[in-house]
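In: Test case, fold it:
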Amino acid sequence: MDDVRALVARVAGTADDVRVERVPAADDAAAAGYECRDGVLTLRGSDPVAAACAFAQYLKAYAGRQVTWEQPRLEPRPAPWPDAPPTRLTSPFPVRYYLNVVTYGYSTAFWDWDRWEQEIDWMALHGVTHPLMQVGHEAVLAEMFRRAGLDAARIDEWIGSAAHFPWTFMGNTNSFGGPLPADWITRHVELAQRILARQRALGMTPVLPVFGGHVPPELTDPSAGEIEWQGWRTPILSPDSERFASLAAEFMGIQRELFGTDHHYAADPFIESVPPSGEPDYLAAVGRAGYRAMADSDPEATWVLQGWPFHYQRDFWRPERVRAFLSEVPQERLVLLDLWGEHAPMWRRDAMYDRRWVWCAIHNFGGRFALFGDLRGLRRDVDELTRARPPRLAGIGLAPEAIENNTVFYELATDLTWNVPQLDEWLRSFALQRYAAGHDDFVRAWDILAETLYGPGRTRSIPSPVIARPWSAEAPFAAQRLAGEFVPQNAEPQRQSANIDAENDPMVLGALPRIATAARLLLGRAAEAGVPDQVERDVVDLVGHVVAQGCRIHIRGVLAAFAERDADAVLDHFARFRTDLLDLDELAGTRAESRVGRWIADARAWGGSPAEADVMERDARSLVSVWGHQTSGLHDYSGRHWAGLVRDYYLPRWESWANWLADAAAHGREPDVDVLRARVVGHEEAWRGAIGGYSAAPEGNTLDVAARILDRLGY
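Out: From the prediction side, this is the model:
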């Protein structure tokens, strides 16, 4: 348990007054405990992760502190440790899964070891046993291709952008962006080895990716098929082909050499694409070959399979096809992830096909700004799983597309694995721990948020109108497909915009005065917070939400004025819209984490030369703006309320739209949609291709700016 003491030292500055003991789990999946007497803290766990959880739970219960993404270190730490009686905690969930393939694009793409070390500590403190681990796997794929005969330039082209690699690995994209810096692979192999060593030292079981059969055309054979996603077409080898078997064996061998194994592997050959054939024999062959690719190299292999396709493409993945796909994978060698359990649970509908399964919450799509989460629903769902123990349930997990958002949802989800108090009591404690302060105004603020942003039914994001893409003379919300909902199978594929979710119900606007009140409560007590940084972060989010959602009124005002062919009124409504967007940009700019300059700086830091840094910047800009090709439906899928992005990317698009409508109204003609779209596309391409101009350093006083904005809005 020395590694747990080292974790405590990283979080608290020292572990000289901390002891760690191993205890049996008895009939539970995991057991943890703590006690503190005379300033000596004793942590207990059936494994290192459980002991780390004991530390986190002790901090919450007796020190009134949290370790979160925003506050990864205790500054200052409690001294001495507060006394606590012997306390035992248990969990019924042997598997506690974490991360999504695409988190490695939307959140972690440019992380260094320092940031990864903090995240691994977060995992341990929050009970993660099975983290998905994809860092460094460009190296495995590139070496497999090299041994198959591809030259270095072609490999670089196929792998493409660092930010987009998760989708290339799953067969969604290819040959987009990049190339990677010359030393990227070497440095990421070293980074991955450090990550894996730390995860294993803390008793975790990393889940490593494996080859899914996706290859460049040069490596296909006559039996290969093809899949399509958002305009990209990718060859996929026939599961029965010698080429698939030989490449899969190479991949497994290279991966074992570089990264070892913990016998758990992730492979998703058709994550959002329709397979080349729906014949049961073909699907059974894919499942059989996928498993054999793992088991031939590792007889202990367990396949960790995302159940996402069975939801997302459920018109194709009828139950008989899913059963065929799984039919030749041994029952005990597959774990199926019910990926969107908090919103679209598969287990209620399909009983998880009599396979071991893990209930997961996706929560966030794309990393785009949204404050939401059904806290009472989360409590209800996990309580039901704990009480009812559905057949073959192996555990629970978190599979967000992006992290470092909506901390309250993730703190509750991970606490629930250890059977925390009732929600009202938990929420009160959360509010006081979050700010290390005792005033009831902090509690009142979170009571409001629990009834609005985090109220019943809030399992979908509340879309930000700021990031909507103006594309015609109609409301930019109407034609947008809800992100994550299943895609009907049409004779003619329809690529709808995925940039934001469809417009939410009227409660969104109706809740703004109450959310502003919550922000005012935090502002009023900021000086009393033991962790003032947390107050600032939350105020930026809350006031940013109020400003952004209020922009719907301006967009509707512009459209109503245009319907009356009143050019002056169009511009008047837009002027108010512009003021709100500039305020939002200024507010975001007071915090480093909400500046596009930090995202860009992190990307550029991996470049070994100015030219490489420029490539990294372009790919980083691309992911949070156009995303991919102009012909795909992914514009603004990863849109953020970031300073610089609001002012220089979203605002000019809206300005082009308003001027286009005003000009048509002034001249009494119908606006030419081709003119607008050419302007929008030209602006988008210019922004993502630009270099420099953004600082990562915060500017201004968060609390002063937030108070001024609320004053202006009349809240």
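
In: going forward, measure contacts and count neighbours with C-alpha atoms only.
Out: Noted.

In: Below-threshold pLDDT in the protein: ranges please.
Out: Scanning the chain for pLDDT under 70 picks out 421, 477-505.

In: Can you name every helix or strand that the longest helix seen in it contacts?
Out: As assigned by DSSP state H, the longest helix anywhere in the chain is helix 532-563. The helices and strands touching helix 532-563, judged by 3 or more CA pairs under 8 Å, 6 or more residues apart in numbering; DSSP states H and E, are helix 423-435, helix 507-510, helix 512-525, helix 567-588, helix 651-667, helix 702-713.

In: Can you name the residues that contact F176?
Out: By CA atoms under 8 Å, 6 or more residues apart in numbering, the contact set of F176 is 157-161, 164, 628.

In: now do T702
Out: Contacts of T702 by CA under 8 Å, 6+ apart are 536, 539-540, 587, 590-591.

In: Can I get stretch 263-277 in CSV, CA atoms only?
Out: The C-alpha coordinates for stretch 263-277 follow below in CSV (Å, rounded to 0.1, in the frame of the first residue of the first chain):
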residue,chain,number,x,y,z
HIS,A,263,-6.0,-9.1,-20.3
HIS,A,264,-8.8,-6.6,-20.9
TYR,A,265,-9.2,-5.2,-24.5
ALA,A,266,-11.5,-2.7,-26.2
ALA,A,267,-12.5,-3.2,-29.8
ASP,A,268,-15.4,-1.5,-31.6
PRO,A,269,-15.4,-2.4,-35.3
PHE,A,270,-18.7,-0.6,-36.1
ILE,A,271,-19.1,2.0,-33.4
GLU,A,272,-21.4,4.3,-35.4
SER,A,273,-21.1,2.8,-38.9
VAL,A,274,-23.4,0.2,-40.5
PRO,A,275,-21.5,-3.1,-41.2
PRO,A,276,-20.9,-4.1,-44.8
SER,A,277,-23.4,-7.0,-44.4
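
In: Show me which residues of that stretch are buried.
Out: By neighbour count on 16 or more other CA atoms under 10 Å, the buried set for stretch 263-277 is 263-276.

In: wait, which of those is closest to A662?
Out: For the buried residues of stretch 263-277, the residue nearest A662 by CA to CA is E272; the value is 40.5 Å.

In: For that closest one, which non-adjacent residue is spatially closest?
Out: P309 (5.7 Å; CA to CA, 6 or more residues apart in numbering).

In: Number of residues surrounding that neighbour?
Out: 21 (other CA atoms under 10 Å).

In: Surely it touches D315?
Out: No - counting by CA atoms under 8 Å, P309 does not reach D315; the two are 10.1 Å apart.

In: G639 contacts F365, correct?
Out: No - using CA under 8 Å, G639 is not in contact with F365, being 10.3 Å away.

In: Pull the contacting residues for the residue nearest to F145 when sequence neighbours are not counted.
Out: The shortest distance from F145 to any non-neighbouring residue, by CA to CA, 6+ apart, is to I155 (6.9 Å). Taking CA under 8 Å, 6+ apart as the criterion, I155 is in contact with 142, 145-146.

In: Just the buried subset of those residues, please.
Out: 142, 145.

In: Quick one: residues in contact with stretch 395-411.
Out: Contacts of stretch 395-411 (CA under 8 Å, 6+ apart): 68-70, 92-103, 106-107, 126, 339, 357-367, 371-375, 430.

In: And that stretch, how far out from the chain middle?
Out: 8 Å (CA atoms, centre = their mean, to the nearest Å).

In: what does stretch 664-674 give?
Out: 41 Å.

In: what about dumping the CA coordinates of it to PDB?
Out: The C-alpha trace of stretch 664-674 is given here as PDB (Å, rounded to 0.1, in the frame of the first residue of the first chain):
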ATOM      1  CA  ALA A 664     -32.300  41.400 -47.800                       C
ATOM      2  CA  ALA A 665     -34.900  43.200 -45.600                       C
ATOM      3  CA  ALA A 666     -33.600  46.700 -46.600                       C
ATOM      4  CA  HIS A 667     -33.800  45.800 -50.300                       C
ATOM      5  CA  GLY A 668     -37.100  43.900 -50.200                       C
ATOM      6  CA  ARG A 669     -35.700  40.700 -51.500                       C
ATOM      7  CA  GLU A 670     -35.300  37.100 -50.400                       C
ATOM      8  CA  PRO A 671     -31.800  36.500 -49.100                       C
ATOM      9  CA  ASP A 672     -29.500  34.300 -51.200                       C
ATOM     10  CA  VAL A 673     -28.600  31.400 -49.000                       C
ATOM     11  CA  ASP A 674     -25.600  30.600 -51.100                       C
END
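
In: tell me which residues in it are buried?
Out: So, applying 16+ other CA under 10 Å, buried residues of stretch 664-674: 664-665, 671.

In: Could you report the neighbour count for R314?
Out: Neighbours around R314, by other CA under 10 Å: 16.

In: Strands along the stretch 51-200 of the chain, start to end?
Out: Per DSSP state E, counting those that start in this stretch, the stretch 51-200 of the chain carries strands over the ranges 84-91, 95-98, 130-131.

In: which residues sit against the second one?
Out: Defining contact as CA under 8 Å, 6+ apart, one finds that strand 95-98 is touched by 127-132, 358, 360, 394-399.

In: Which positions in the helix or strand hosting the residue nearest to E272 come out as buried?
Out: Here P309, judged by DSSP states H and E, is contained in helix 308-312. By neighbour count on 16+ other CA under 10 Å, the buried set for helix 308-312 is 308-312.

In: Give me the nearest residue to V215, chain neighbours excluded.
Out: The nearest residue in space to V215 (CA to CA, 6+ apart) is P235, at 5.8 Å.

In: tell me the centre residue of this structure?
Out: What sits nearest the mean C-alpha location of the chain, by CA atoms, centre = their mean, is A402, with 1.4 Å.

In: Identify, from the buried residues of stretch 664-674, the entry nearest to I448.
Out: Closest to I448, out of all of those and judged by CA to CA, is A665, at 42.8 Å.

In: so that closest one makes contact with D566?
Out: Yes - look at A665 against D566 with CA under 8 Å: they come within range, at 6.1 Å.

In: could I get the helices and strands packed on helix 532-563 as TSV with distance to D38?
Out: Formatted as TSV, the helices and strands packed on helix 532-563 follow (distance: least, CA to CA, whole Å):
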stretch	distance to D38
helix 423-435	23
helix 507-510	50
helix 512-525	33
helix 567-588	45
helix 651-667	58
helix 702-713	40
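
In: Out of these, flag the one nearest P470.
Out: helix 651-667 (6.4 Å).

In: quick one, the closest one and helix 567-588 angle?
Out: Interaxial angle of helix 651-667 relative to helix 567-588 (axes from the mean of the first three to the mean of the last three CA atoms, to 10 degrees): 170 degrees.
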